[in-house]
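J.: one predicted model, sequence on top.
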Protein chains: 2
Amino acid sequence: MSFKPEQLHVDFGARAYSIWIGPHLLDSAPGSIGGFLPTGTAALIVSNSTVAPLYAQSVASLLASHYPHIHTVTLPDGEQHKTWQTLNLIFDALLTHGCDRKVVLYALGGGVIGDMTGFAAACYMRGVDFVQVPTTLLAQVDSSVGGKTGINHPLGKNMVGAFHQPRLVICDLSTLSTLPARELAAGIAEVIKYGPIADMELFAWLEEHMDALLARDPQALAHAVRRSCEIKAQVVGADEREAGLRAILNFGHTFGHAIEAGMGYGQWLHGEGVAAGMVMAAELSRRLGLVDGDFVQRLRQLIARAGLPVRGPVLDAQDNAGRYLELMRVDKKAQGGEIRFVLIEQPGKAVLRAAPDALVREVIDACCAE
Amino acid sequence: MSFKPEQLHVDFGARAYSIWIGPHLLDSAPGSIGGFLPTGTAALIVSNSTVAPLYAQSVASLLASHYPHIHTVTLPDGEQHKTWQTLNLIFDALLTHGCDRKVVLYALGGGVIGDMTGFAAACYMRGVDFVQVPTTLLAQVDSSVGGKTGINHPLGKNMVGAFHQPRLVICDLSTLSTLPARELAAGIAEVIKYGPIADMELFAWLEEHMDALLARDPQALAHAVRRSCEIKAQVVGADEREAGLRAILNFGHTFGHAIEAGMGYGQWLHGEGVAAGMVMAAELSRRLGLVDGDFVQRLRQLIARAGLPVRGPVLDAQDNAGRYLELMRVDKKAQGGEIRFVLIEQPGKAVLRAAPDALVREVIDACCAE
């Protein structure tokens, strides 16, 4: 990869920040990206047992001339560790090393690391700076942008968290070379998502370049990451606290979260649940008369080409639709027990609305594997 | 008590809120204070095993006509329970009852309940509304105003938390009738604090009305609470995130936190540590040439009249000053290991600055009990 890194700007007024996208950013010579790192009395690199051996040393080298002290804490890998107990390992490290309010946390890993590190930064001494260094496609195109942070509770995913914007996001495309194929595909699910809700040009581009993406062609990855971050930054910039517009980013997520929760976290990857969930949400949109069958079919085909599931799993042999509904009612977007779905009003435009239970049941029955 | 409740306004722009101060507010007829309660799909009253039996029913009655569902969770009482484990009981209650983002939390109790409930509200689904119903003098004059929330970590007090403003503060002076004398005095310590840092008129008023306060004279309590909230609201309104000015509210707290931590939390009440800490901070100010001995003596006498300690405890028989310094270096206001003290520049005006270790050692040696 020889092209230059790109810099995107995310505007939250006083809390504006940059997203750097490019190859070999972590191997940069001191002085390149270095000038953009936030100042601090120390840096704490937070990573997991899978990613730390691959990239923690590179990040430490990049930071070496910027902070008087650099510490690392390595967490166990996996969604099942997105808990208070694991989060507390970050606080333990911060306090054991005597880190003050001017410490900067570096989240080196996927979405789980980013969410937990961001939440630790939001809470440590009531708020310190952090930088996202996402090493999965999912994190680069979705979770590292927008400031949502948090942990899971035994009774619900991401139920405890905060809005806390990073000071900088470093998307090093080279780190995607070590990503397992299944996780690459799960990340592509979130890229696909931006098409139906905001940009059918991106959707058409994906139809043309899916093979290049799956082959990890650097230019294709760069385009997918940049366009995804642009759309997400635009939506989030207009609605940081999820009062309305921002909810459209959850297209496929209401069904997807039910799948993840119903199967047990970690069985289906987040992106896999979202993939099947997008088909279900599109089908619900069709049955409400918003989009036609051709659009649903086009979406289904693109998802299948990425190697992602287009059908939901059966969560309950007796009353599968009932189980889905039950799980969806505890979704954070639900209000007074009413589920609000992100639906496609027309290709490229999403809307948030409720739907009759009977219709949702029909969709679930039609869209789940036997 | 027959006088009318007063309403103070705290201005954070979009997040402005009111503080109601008066007797019998929790027994109000529906429609009086009720019109000011935030709307929601449910209310969760968070209290502790000491306060809930006294006032939870009154609060539930007050809320009955405003929320479709009212739940209560009772936490164990005491600073030693200001932990993640106890906090999690609030999340358990919220999720078990299926509370959505439109739930309103009511913090009914002292500072520990207020801090934990506020932090739970800051984090639940990334932020829901909460109302402070402080039932201790300390909470009414200090912790319920300003939006600081959090829990303790085994390695430091209030190390994990958030800034989250309440939607409303209800200071029912009648609840102070059940407050133990030792806790009343601890609350008075924070009232005294506002004198040296901001308002020597309040200080003179306290010299005149200390006996009335200790006798829980309603008019005296009302004046102390109102003036304290006014000063705190003014300071916090100018500096919500503790960038500078707000730190002056921590007069006496740097030494005080060391005392609390060094003795083991719960041994000395927060206000007791602050009381002895204010004498030490005043003495440090004197030795730096900022104030004269008469002022220090006047402060010491007022603190003693409230029945509060004017000398710090010996935390280490071998190297007491060293132990204090060690504990103060992990204070949240420390930066790069340098302790920043709130000192009195002149009576009624505080300043944040560092001091030579040798001088701090002299002050500790002079101000600790043999």
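T.: Received, thanks. All figures in this text were calculated on a predicted structure; none of them were measured in a lab.

J.: quick check: the residue in the stretch 1-150 of chain A that chain B sits nearest to vs B:L155, distance?
T.: Residue nearest to chain B within the stretch 1-150 of chain A (Cβ to the nearest Cβ): A:L95, separated by 3.8 Å. From N, CA and C alone the C-beta is placed, and that goes for glycine too. The gap separating A:L95 from B:L155 is 4 Å, by Cβ to Cβ, to the nearest Å.

J.: A:G337 too?
T.: Remark: distance between A:G337 and B:L155 (Cβ to Cβ) = 41 Å.

J.: do A:I70 as well
T.: A:I70 sits 20 Å away from B:L155, going by Cβ to Cβ.

J.: between the two, who's got more neighbours?
T.: The residue with more neighbours, out of A:I70 and B:L155, is A:I70; 18 against 14, by other Cβ atoms under 10 Å in any protein chain shown.

J.: got a list of what that one touches?
T.: Counting by Cβ atoms under 8 Å, 6 or more residues apart in numbering or on different chains, A:I70 makes contact with A:42-45, A:60, A:63-64.

J.: still on that earlier bit, now do the shared contacts for A:L95 and B:L155.
T.: Shared contacts of A:L95 and B:L155, counting by Cβ under 8 Å, 6+ apart, come down to B:V330.

J.: not counting sequence-adjacent ones, nearest residue to A:A261?
T.: In this structure, A:A261 finds its nearest non-sequential neighbour in A:L327, 5.2 Å apart by Cβ to Cβ, 6 or more residues apart in numbering or on different chains.

J.: how close does the one you found sit to A:L63?
T.: Remark: distance between A:L327 and A:L63 (Cβ to Cβ) = 42 Å.

J.: and what of A:H24?
T.: According to Cβ to Cβ, A:H24 and A:L63 sit 16 Å apart.

J.: which one's more surrounded, the two?
T.: A side-by-side neighbour count of A:H24 and A:L63, using other Cβ under 10 Å, places A:L63 first with 20 against 14.

J.: wait, that one touches A:A43, no?
T.: Yes - look at A:L63 against A:A43 with Cβ atoms under 8 Å: they come within range, at 5.0 Å.

J.: tell me, what's touching these two both at once?
T.: By Cβ under 8 Å, 6+ apart, A:L63 and A:A43 have these common neighbours: A:70, A:106.

J.: give me the buried positions along the helix or strand in which A:K193 is found.
T.: Element membership for A:K193, per DSSP states H and E: helix A:181-198. Buried residues in helix A:181-198, counting neighbours by 16 or more other Cβ atoms under 10 Å in any protein chain shown, are found at A:183-198.

J.: phi, psi of the spatially closest residue to A:K4 that is not a sequence neighbour?
T.: Nearest residue to A:K4, sequence neighbours excluded (Cβ to Cβ, 6+ apart): A:G22, at 6.5 Å. The phi/psi pair for A:G22 (degrees, to the nearest 10) reads phi 170, psi 170.

J.: isn't A:P313 right up against A:C367?
T.: No - at 10.6 Å, A:P313 does not count as touching A:C367 under the criterion of Cβ under 8 Å.

J.: shared neighbours, these two?
T.: By Cβ under 8 Å, 6+ apart, A:P313 and A:C367 have these common neighbours: A:A276.

J.: which one's more surrounded, these two?
T.: Remark: of A:P313 and A:C367, A:C367 carries more neighbours, 21 against 16, as counted by other Cβ under 10 Å.

J.: what about the lengthiest helix in chain A, near chain B?
T.: Taking DSSP state H as the criterion, chain A has its longest helix at helix A:218-238. No - residues of helix A:218-238 are not located near chain B by Cβ under 8 Å from any Cβ of the partner chain, the shortest gap being 13.2 Å.

J.: if you count neighbours, what's buried in that helix?
T.: For helix A:218-238, burial by neighbour count (16+ other Cβ under 10 Å) applies to A:218, A:220-233, A:235-237.

J.: over to stretch A:63-83?
T.: A:63, A:66-67, A:70-75, A:77, A:79, A:81-83.

J.: do the same with stretch A:334-346
T.: So stretch A:334-346, judged by 16+ other Cβ under 10 Å, has buried residues A:334, A:339-345.

J.: now stretch A:351-363
T.: A:351-352, A:355, A:360-361, A:363.

J.: any idea what the residue of the stretch 1-150 of chain A closest to chain B is structurally, helix, strand or coil?
T.: Following DSSP: H, G, I helix; E, B strand; the rest coil, the label given to A:L95 is helix.

J.: pull the contacting residues for it.
T.: Counting by Cβ under 8 Å, 6+ apart, A:L95 makes contact with B:153, B:155-156, B:159, B:330.

J.: of those, grab the buried ones for ChimeraX.
T.: ChimeraX command restricting the contacts of A:L95 to the buried ones, with burial defined by 16+ other Cβ under 10 Å:
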select /B:153,156,159,330
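
J.: next, the spatially most distant residue from the centre of chain A: phi, psi?
T.: Taking Cα atoms, centre = their mean as the measure, the residue most remote from the mean C-alpha position of chain A is A:Q318, 32.8 Å away. Main-chain torsions, A:Q318, degrees, to the nearest 10: phi -80, psi -50.

J.: does whatever helix or strand A:K157 lives in reach chain B?
T.: Assessed by DSSP H and E, A:K157 sits inside strand A:156-163. Yes - on the criterion Cβ under 8 Å from any Cβ, strand A:156-163 is in touch with chain B at A:156, A:159-163.

J.: what is the most widely separated pair among the residues you listed?
T.: Maximum pairwise distance among those (Cβ to Cβ): 17.7 Å, between A:G156 and A:F163.

J.: against A:E272, how distant is A:M263?
T.: Using Cβ to Cβ, A:M263 is found at 10 Å from A:E272.

J.: okay, those two: which has more neighbours?
T.: Ranked by neighbour count (other Cβ under 10 Å), A:M263 and A:E272 place A:E272 first, with 24 against 15.

J.: A helix includes the more buried one, no?
T.: Yes - judged by three-state DSSP, A:E272 forms part of a helix.

J.: how about low-confidence regions in the stretch 201-350 of chain A?
T.: Along the stretch 201-350 of chain A, segments meeting pLDDT under 70 span A:240-243, A:332-333, A:336.

J.: quick one: the helices in it?
T.: Taking DSSP state H, counting those that start in this stretch, the helices of the stretch 201-350 of chain A run over residues A:218-238, A:253-263, A:270-287, A:293-305, A:320-329.

J.: so what secondary structure elements neighbour the fourth one?
T.: Where contact means 3 or more Cβ pairs under 8 Å, 6 or more residues apart in numbering or on different chains; DSSP states H and E, helix A:293-305 is packed against helix A:181-198, helix A:200-214, helix A:270-287.

J.: export it to PDB, keeping only CA atoms.
T.: This file holds the C-alpha atoms of helix A:293-305, laid out as PDB (Å, rounded to 0.1, in the frame of the first residue of the first chain):
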ATOM      1  CA  GLY A 293     -39.500  -6.700  -3.500                       C
ATOM      2  CA  ASP A 294     -36.700  -6.000  -5.900                       C
ATOM      3  CA  PHE A 295     -34.900  -3.800  -3.300                       C
ATOM      4  CA  VAL A 296     -35.200  -6.500  -0.600                       C
ATOM      5  CA  GLN A 297     -33.800  -9.100  -3.000                       C
ATOM      6  CA  ARG A 298     -30.900  -6.800  -4.000                       C
ATOM      7  CA  LEU A 299     -30.000  -6.300  -0.300                       C
ATOM      8  CA  ARG A 300     -30.300 -10.100   0.400                       C
ATOM      9  CA  GLN A 301     -28.000 -10.900  -2.500                       C
ATOM     10  CA  LEU A 302     -25.300  -8.400  -1.500                       C
ATOM     11  CA  ILE A 303     -25.400  -9.700   2.100                       C
ATOM     12  CA  ALA A 304     -25.100 -13.300   0.800                       C
ATOM     13  CA  ARG A 305     -22.100 -12.400  -1.400                       C
END
